[in-house]
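Asks: Predicted model, plus sequence, below.
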Amino acid sequence: MSSDPWTADDPQPGDFDAVLATIDPKYAEHRDGDATATLRILVSVEGDDALRLERIAEERGKTPHDVVSDLLRATDRPAA
């Protein structure tokens, strides 16, 4: 894993403090976070991949959305 916070998979708190300190405050605005916020990612699948995704979803009794969500969650699980 990279120790460079700009390329690391998991930057740590404080990694960018020195860079942030160089920003003129007139160009920065503080906003409180929203704990109820969500993120939507649009995935585009075409051709044979779209057909494959539909087939996998049908075989599993799920929607294509659920299959993609399962795939993303699986990447966080440790390998067997």
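Replies: Everything's here; your move.

Asks: Where does Ser3 sit, in terms of helix or strand?
Replies: In this assignment (DSSP states H and E), Ser3 forms part of neither any helix nor any strand.

Asks: Over to Asp76?
Replies: Here Asp76 is assigned to no helix or strand, by DSSP H and E.

Asks: in this structure, which ranges drop under the pLDDT threshold?
Replies: 1-2, 79-80 (pLDDT under 70).

Asks: Apply 50 and report the result again.
Replies: Low-confidence segments of the chain (pLDDT under 50): 1.

Asks: Output the host helix or strand of Ala57 as CSV, restricted to C-alpha atoms.
Replies: In the assignment (DSSP H and E), Ala57 maps to helix 47-60. Provided in CSV are the C-alpha atoms of helix 47-60 (Å, rounded to 0.1, in the frame of the first residue of the first chain):
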residue,chain,number,x,y,z
GLY,A,47,-23.8,-4.9,-24.9
ASP,A,48,-22.8,-8.4,-23.8
ASP,A,49,-22.0,-7.1,-20.3
ALA,A,50,-25.5,-5.8,-19.9
LEU,A,51,-27.0,-9.1,-21.1
ARG,A,52,-24.7,-10.9,-18.7
LEU,A,53,-25.7,-8.7,-15.8
GLU,A,54,-29.4,-9.3,-16.6
ARG,A,55,-28.8,-13.0,-16.7
ILE,A,56,-27.0,-13.1,-13.4
ALA,A,57,-29.7,-11.0,-11.7
GLU,A,58,-32.4,-13.3,-13.1
GLU,A,59,-30.6,-16.4,-11.9
ARG,A,60,-30.2,-15.0,-8.4
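
Asks: Nothing else from me, thank you.
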